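>>> give the three-dimensional model of this entry:
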Amino acid sequence: MSVELDHTIIWCSDRYVAADFFARIYGLPEPEDLFHFRVVKLANGVSLDFADKDGPIAPQHYAMRVSEAEFDGVLGRIRDQGIDHWADPARARPNQINHNDGGRGVYFEAPDGHFLEALTVPYGGAREGKLP
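Sure, this is the predicted structure:
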């Protein structure tokens with residue numbers, strides 16, 4: 001079986017603000033316009049297609065695995081821009097990162113309330129020998 005994620009739609013109040021924020025924080029190339037989407041391309045061929053939605057946005061969680069060097073960049077941009085961040089999804093450890101599974105991780109909010117995460121090791125990865 002070769003089922004792979006190709007793209008997902010991220011609903012937002014302003015696709016330009018949301019996509020540009022995501023790309024800037026993760027150090028990715030500028031998003032591209034495609035039809036009524038603002039598209040962020042990820043390294044594994046998956047795209048995040050940001051689309052405008054009227055009314056309330058239901059917050060979702062999006063976790064991105066990054067290298068150690070990329071994590072340094074993400075965390076630096078979060079701190080430089082004064083973005084609240086946490087070591088845990090419960091938001092009980094503000095202004096900290098975690099070291100789960102022998103890696104590093106951080107949680108933070110996007111403009112529409114989506115909860116973003118950057119992590120260097122997949123959950124359970126260190127125990128299973130699946131380090132990036």
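>>> which stretch of helix or strand covers residue 72?
Secondary structure assignment for residue 72, by DSSP states H and E: helix 68-80.
>>> and residue 48, backbone torsions?
phi -110, psi 120 (degrees, to the nearest 10).
>>> and for residue 70, the neighbour number?
17 (other C-beta atoms under 10 Å). (Each C-beta comes from the backbone N, C-alpha and C, glycine too.)
>>> residue 119 now?
A total of 22 residues lie near residue 119 under the criterion other C-beta under 10 Å.
>>> enumerate every residue touching it.
Applying C-beta atoms under 8 Å, 6 or more residues apart in numbering, we find residue 119 in contact with 63-66, 71, 100, 103-106.
>>> put the buried members of these into a PyMOL selection.
To isolate the buried members of the contacts of residue 119 in PyMOL, using 16 or more other C-beta atoms under 10 Å:
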select buried, resi 64+65+66+71+100+103+104+105+106
